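*Asks:* Here's a sequence, model it:
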Amino acid sequence: MFLSVLQSEWFKFRKSGMLPVLFVGPAIALMTGLMSNIAAMETEMNAWYLLLQYMILPYALLFLPLMAGVLSGLICRYEHQAGGWKQFLSLPVTRGSVFTVKYLLLIATVFAIQLLFLGAVYLAGTVKEIADPFPMMIIWKSVLGGWIAIFPLVALQLWMSMFWKNFAAPFAVNVIFTLPSILAVNSETFGPYYPWGQPFLMMYTGGASESVFYVPWDQVLTVVGGSLVVFFAAGWTYFQRKSV
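*Replies:* Next up is the predicted model:
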């Protein structure tokens with residue numbers, strides 16, 4: 001049953017026109033990296049670190065959280081049209097498997113976006129002819145940290161996308177909470193607990209480099225893990241009781 005739902009969702013994903021959306025964030029990060037003037041900075045820091053920090057600023061603060069909302073809306077678009085939920089759930093599938101498959105597909109899609117971002121960093125550095133060694137482990141740590149940080153936001157956006165038929169409504173909510181993260185990440189008291197600021201904090205290489213990610217491990221467990229449990233459980237419970 002789970003594999004059948006997965007095959008169905010993958011087919012709808014390929015037909016949804018979602019693939020071009022995956023390149024938006026990495027493309028903007030690439031342009032940011034190409035326009036940066038890291039050669040003019042007098043510092044002994046590895047130039048790849050400087051380039052990464054420039055590219056992370058717009059990508060992780062704005063476009064990565066916003067992409068979670070866009071993708072969640074697109075993955076529920078078919079079901080919101082012409083009684084799609086009723087038709088879909090009349091098949092021999094469980095609601096729990098439908099919610100879980102949609103969530104896992106979104107998580108895999110975000111991972112693909114992170115890989116594209118990694119490629120954008122390497123391409124920007126190659127074009128700018130950075131001679132310093134490429135810090136693969138450091139950048140992978142940033143990429144994986146941003147991916148894990150987006151888990152709860154994907155769960156929340158999937159829940160809201162199932163709740164609202166209008167694509168604009170959950171996206172507007174996401175924008176409202178994403179924009180304040182620009183200020184939140186600069187606050188030592190509020191920033192570490194703001195879910196929309198976690199992708200930036202966990203990708204920013206200026207954080208606590210001795211930790212597993214660039215934020216303390218207890219922050220990963222309490223903020224990211226805790227909000228993931230809350231948002232996923234709330235969305236899963238709502239979908240179980242959703243009237244179609």
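*Asks:* Run through this structure and note the low-pLDDT ranges.
*Replies:* 1-2, 4-6, 9, 15-16, 39-43, 82-84, 88-89, 91, 206-213, 244 (pLDDT under 70).
*Asks:* downstream neighbour of the lengthiest helix in the chain in the secondary structure list?
*Replies:* The longest helix of the chain (DSSP state H) is helix 95-127. Using DSSP states H and E, the next helix or strand after helix 95-127 towards the C-terminus is helix 136-149.
*Asks:* so where do the helices sit in the chain?
*Replies:* Using DSSP H, helices in the chain cover 2-15, 24-35, 47-58, 64-75, 84-89, 95-127, 136-149, 151-163, 168-178, 181-184, 198-203, 217-219, 226-241.
*Asks:* Make TSV out of these and add mean neighbour count and distance to G191.
*Replies:* C-beta: built from backbone N, CA, C; applies to glycine. Listed next are these as TSV, based on neighbours: other Cβ atoms under 10 Å; distance: least, Cβ to Cβ, whole Å:
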stretch	mean neighbour count	distance to G191
helix 2-15	14	34
helix 24-35	19	21
helix 47-58	21	15
helix 64-75	24	14
helix 84-89	15	38
helix 95-127	19	22
helix 136-149	20	13
helix 151-163	24	16
helix 168-178	16	14
helix 181-184	18	5
helix 198-203	29	7
helix 217-219	13	10
helix 226-241	16	14
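*Asks:* need those in a markdown table with distance to F190, can you?
*Replies:* Converted to a markdown table, the helices of the chain look like this (distance: least, Cβ to Cβ, whole Å):
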| stretch | distance to F190 |
| --- | --- |
| helix 2-15 | 36 |
| helix 24-35 | 25 |
| helix 47-58 | 19 |
| helix 64-75 | 17 |
| helix 84-89 | 38 |
| helix 95-127 | 25 |
| helix 136-149 | 16 |
| helix 151-163 | 17 |
| helix 168-178 | 13 |
| helix 181-184 | 6 |
| helix 198-203 | 12 |
| helix 217-219 | 13 |
| helix 226-241 | 15 |
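*Asks:* so what secondary structure elements neighbour the longest helix of the chain?
*Replies:* Where contact means 3 or more Cβ pairs under 8 Å, 6 or more residues apart in numbering; DSSP states H and E, helix 95-127 is packed against helix 2-15, helix 24-35, helix 47-58, helix 64-75, helix 84-89, helix 136-149, helix 151-163, helix 226-241.
*Asks:* between the ones you listed, which one is nearest to N174?
*Replies:* helix 64-75 (3.5 Å; Cβ to Cβ).
*Asks:* Export the closest one to CSV, keeping only CA atoms.
*Replies:* The C-alpha trace of helix 64-75 is given here as CSV (Å, rounded to 0.1, in the frame of the first residue of the first chain):
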residue,chain,number,x,y,z
LEU,A,64,14.6,27.9,1.5
PRO,A,65,11.7,28.4,4.0
LEU,A,66,9.6,29.9,1.2
MET,A,67,10.3,27.0,-1.1
ALA,A,68,8.9,24.7,1.6
GLY,A,69,5.6,26.5,1.3
VAL,A,70,5.5,26.6,-2.5
LEU,A,71,6.3,22.9,-2.8
SER,A,72,3.7,21.9,-0.1
GLY,A,73,1.0,23.8,-2.0
LEU,A,74,1.9,22.2,-5.3
ILE,A,75,1.9,18.7,-3.9
